[in-house]
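Student: Structure, please.
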Amino acid sequence: MLFRSDGPVFAEYPQFIRWDVGVALDPPHADNCNPDGSPNASPWRSHGAVMYFNNDFGGGELFYPHYDLEIKPQAGLAGIHRADWDCLHGVRKVTAGVRMTASVFFTRDEAMAKEQGWF
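Tutor: Next comes the predicted model:
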C-alpha cells in the first residue's frame, strides 16, 4: 500500500524542481530512513508527494521497485506515498526536454510542524 494515514498530517513547504536532461534519482531511496533502516536527515517525514506540471519531456518516470510499479508522468498528476522503506522510490533519467515538478513532504509530528512554522 503506497498511502495510508491514521490521523492528521502536516505539510512541509513545497519544493519546485526542474529536472534537466540527464538528471535522475537512482538508486531509489526512502524519504525518512537509510538503506540499513537507520533514520536519515529527515526521520519525521511520514509521507511524500509529487505533482507534475508538464508533459513535454522524455523519461523521468517515477518507480517503486518493491511494487514493480512505474508511473509515466502526466501534467496534473499527483502521487503520494509513505516515506518508509516499503515505499522505496526513484526517478528514471530525463532523456529529453525539462521535467517540472513540485514535491512536498508530510509529518504526523505536530510539534515538529509547529517548530518549523509549517502551520
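Student: secondary structure class for the residue lying closest to Gln15 once chain neighbours are set aside?
Tutor: Of all residues not flanking Gln15 in the chain, Ser103 sits nearest, at 4.8 Å (C-beta to C-beta, 6 or more residues apart in numbering). Every C-beta, even on glycine, is put in place using the N, C-alpha and C of the backbone. Following DSSP: H, G, I helix; E, B strand; the rest coil, we place Ser103 in the strand state.
Student: Please name the bridge partners of the closest residue to Pro27 other than its chain neighbours.
Tutor: Distance criterion C-beta to C-beta, 6+ apart; nearest residue to Pro27, sequence neighbours excluded, is Gly90 at 6.4 Å. As for beta bridges, Gly90 partners with Phe63 under DSSP bridges.
Student: my read: Gly90 touches Phe63, true?
Tutor: Yes - contact criterion C-beta atoms under 8 Å: Gly90 and Phe63 qualify, at 5.6 Å.
Student: joint contacts of these two?
Tutor: Common contact partners of Gly90 and Phe63 (C-beta atoms under 8 Å, 6 or more residues apart in numbering): Pro28.
Student: Strands of this protein, start to end?
Tutor: With strands called from DSSP state E, the chain shows them at 10-11, 15-19, 25-29, 45-52, 57-59, 62-64, 69-71, 78-82, 89-91, 94-97, 99-107.
Student: Neighbouring strands of the shortest one in the sheet, and parallel or not?
Tutor: Each strand pairing with strand 10-11, determined using DSSP bridges, is listed with its direction: strand 99-107 (antiparallel).
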